[in-house]
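Asker: Starting from these lines, generate the structure:
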Amino acid sequence: MRKSAYIITLWVLVLVFGGCDRPADDASAGGESMLVNLDLAIRLSDVSQAATRAEYVDAATEDELMHTLRIIVVRPDNTVEDNRLFDLTTAADRYRAPKFTVAGNEWKRIYLFANEATQIATAGTDPVVLRKLVDYDLGSIAPGHSFPREALANLEIRLDGKTDELRGPLPMSESHRVWMPNEDHSCSLWITRAAVKFTFRLVNRAAANHTYRITGLTIDKLAHKEYLLPRDATYATHEAEDGTLIREITDFSVPLQGNNGYYTYGRESGMKVSVPAGDKTVVLDPIYLLEGKFTDPADKRNYSMSLWIDGAKMSSYFPDLSLLPRNTHVVVTIALTGAEAQWQVELVPYTTKILEPSFGLDEVKDPI
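Answerer: Residues are numbered from 1 along each chain as shown. Below is the predicted model of the structure:
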């Protein structure tokens, strides 16, 4: 993976890749300001101009697309110039918003929030318990008033219980610094999913006519909290072989230090999955959790997983995986062959990186 090419933080915001360029003379002040039209096109961060769909949405679920989009425009003096919520008629990975009439000849800060009505679900309860994503009304940020920069910088998404996960359309956010000239102007911006997606593919490759039964799943060292807006995110871009522009997050800040106060996520209650014989593949429902960092201080290992297969708990660490940035899709393919379970991990969309250990899941002698 390439190192950082650009840095975005809430306090010092860089220009958008391929979007609204800095004026050659950097004229950010002076001259009369006119009212002009700003035309904004918003796309998901893993959709380049050449791409037809996002790699992250390989299941094409509408939960991974934009359903609503809020655009907040802030002037250099921190005054809110506009705040609009767009309810998209169909879920989309791109959206061209109606024109904004704004003052020209100045820098703007533009904040993007998609799917703000997302809820946190506590799985394993009947009925499932739902609560709000964040305890803040983004619609209360009124034009003509001061923008609550510090409050938004500190907004957090929290997963409190070990069975909590994001439910419904995924939250998305970004912030950009844009130069607005004294003339009508078009700008293409991108927005980032504030979630990590886990997909588990189970393949029955046993020689015998045996159906495997999966009764539990855990992922260890996950983060309880993340910032709603990317914090200190370092972005790098490169071009794939097919010409698609790939953007990856190579570093970011988390709300809690010391490995971000990790916990173990679990689907251990009432899970009953059968993997039929005959080289059949079963894909578990995707799991949406939070970005995080973890490195074991003792041996430098990091995230790990466990599966309960035919009553036996089998566990192993993810190899070479200490960062889980937002908008990452972790695809785990597990081949069940007799008494063994061999596995492979792929990280997409910001890169296709295959992590293939020389070992499989290790059986733990404490069957469920």
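Asker: which regions of the stretch 201-350 of the chain sit below the pLDDT cut-off?
Answerer: Scanning the stretch 201-350 of the chain for pLDDT under 70 picks out 238-246, 257-261, 269-270, 299-300, 348-350.
Asker: how about the strands in it?
Answerer: Using DSSP state E, counting those that start in this stretch, the strands of the stretch 201-350 of the chain run over residues 212-222, 225-227, 233-239, 245-251, 263-267, 273-275, 281-283, 287-289, 292-293, 304-309, 312-317, 323-324, 328-337, 340-348.
Asker: how many neighbours does residue 319 have?
Answerer: Neighbours of residue 319 under the rule other C-beta atoms under 10 Å: 15. The way it works is simple: take the backbone N, C-alpha and C, and place the C-beta from them, glycine included.
Asker: Likewise for residue 289?
Answerer: As a burial measure, residue 289 scores 20 neighbours (other C-beta under 10 Å).
Asker: Now that it has come up, it's in contact with residue 266, right?
Answerer: No. The criterion here is C-beta atoms under 8 Å, and residue 289 misses it with residue 266 at 11.5 Å.
Asker: Identify each buried residue in stretch 135-152, please.
Answerer: Within stretch 135-152, the residues scored as buried using 16 or more other C-beta atoms under 10 Å are 136, 138, 141, 147-148, 152.
Asker: Just flag the most distant two among those.
Answerer: 136 and 147 (13.2 Å; C-beta to C-beta).
Asker: tell me, what's touching residue 289 and residue 266 both at once?
Answerer: Here residue 289 and residue 266 share the contacting residues residue 219, scored by C-beta atoms under 8 Å, 6 or more residues apart in numbering.
Asker: returning to that earlier point: so for residue 108, which of the strands of the stretch 201-350 of the chain sits nearest?
Answerer: Of the strands of the stretch 201-350 of the chain, the one closest to residue 108 (C-beta to C-beta) turns out to be strand 233-239, at 19.7 Å.
Asker: what lines up beside that closest one in the sheet?
Answerer: Using DSSP bridges, the strands paired with strand 233-239 in its sheet are strand 6-8 (antiparallel), strand 245-251 (antiparallel).
Asker: List the ones among the buried residues of stretch 135-152 that fall in helices.
Answerer: Members of the buried residues of stretch 135-152 lying in helices (criterion: DSSP state H): residue 152.
Asker: want to throw the buried residues of stretch 135-152 into JSON lines with distance to residue 96 and pLDDT?
Answerer: Formatted as JSON lines, the buried residues of stretch 135-152 follow (distance: C-beta to C-beta, whole Å; pLDDT from 0 to 100):
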{"residue": "136", "distance to residue 96": "27", "pLDDT": "90"}
{"residue": "138", "distance to residue 96": "21", "pLDDT": "95"}
{"residue": "141", "distance to residue 96": "23", "pLDDT": "97"}
{"residue": "147", "distance to residue 96": "24", "pLDDT": "98"}
{"residue": "148", "distance to residue 96": "28", "pLDDT": "97"}
{"residue": "152", "distance to residue 96": "25", "pLDDT": "94"}
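Asker: Residue 176 - that's part of a strand, no?
Answerer: Yes. Residue 176 forms part of a strand when assessed by DSSP: H, G, I helix; E, B strand; the rest coil.
Asker: partners of it in the sheet?
Answerer: The partner residues for residue 176, given DSSP bridges, come to residue 110.
Asker: wait, doesn't it sit right on residue 189?
Answerer: Yes. Applying C-beta under 8 Å, one finds residue 176 in contact with residue 189, separated by 5.2 Å.
Asker: Where is the longest strand in this structure?
Answerer: strand 80-92 (DSSP state E).
Asker: in its sheet, what does that one sit against?
Answerer: When DSSP bridges is applied, strand 80-92 pairs with strand 66-74 (antiparallel).
Asker: The strand it pairs with - what's its average pLDDT?
Answerer: Average pLDDT, strand 66-74: 96.
Asker: Can you dump the C-alpha atoms of it in CSV for me?
Answerer: Below are the C-alpha coordinates for strand 66-74, written out as CSV (Å, rounded to 0.1, in the frame of the first residue of the first chain):
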residue,chain,number,x,y,z
MET,A,66,-27.0,6.9,0.2
HIS,A,67,-30.7,7.2,1.2
THR,A,68,-30.5,10.7,2.6
LEU,A,69,-27.8,13.4,2.3
ARG,A,70,-27.3,16.5,4.4
ILE,A,71,-25.0,19.2,3.0
ILE,A,72,-23.9,22.0,5.3
VAL,A,73,-22.0,25.0,3.8
VAL,A,74,-19.9,27.1,6.2
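Asker: First residue to last residue on stretch 93-109, what's the distance there?
Answerer: End-to-end span of stretch 93-109 (C-alpha to C-alpha, to the nearest Å): 22 Å.
Asker: Which positions within it qualify as buried?
Answerer: For stretch 93-109, by 16+ other C-beta under 10 Å, it's 93, 95, 97, 100, 102-109.
Asker: can you check stretch 203-215 too?
Answerer: Neighbour counts over stretch 203-215 (16+ other C-beta under 10 Å) mark 203-206, 212, 214-215 as buried.
Asker: In contact with residue 184: list those residues for me.
Answerer: Contact analysis of residue 184 by C-beta under 8 Å, 6+ apart lists 36-39.
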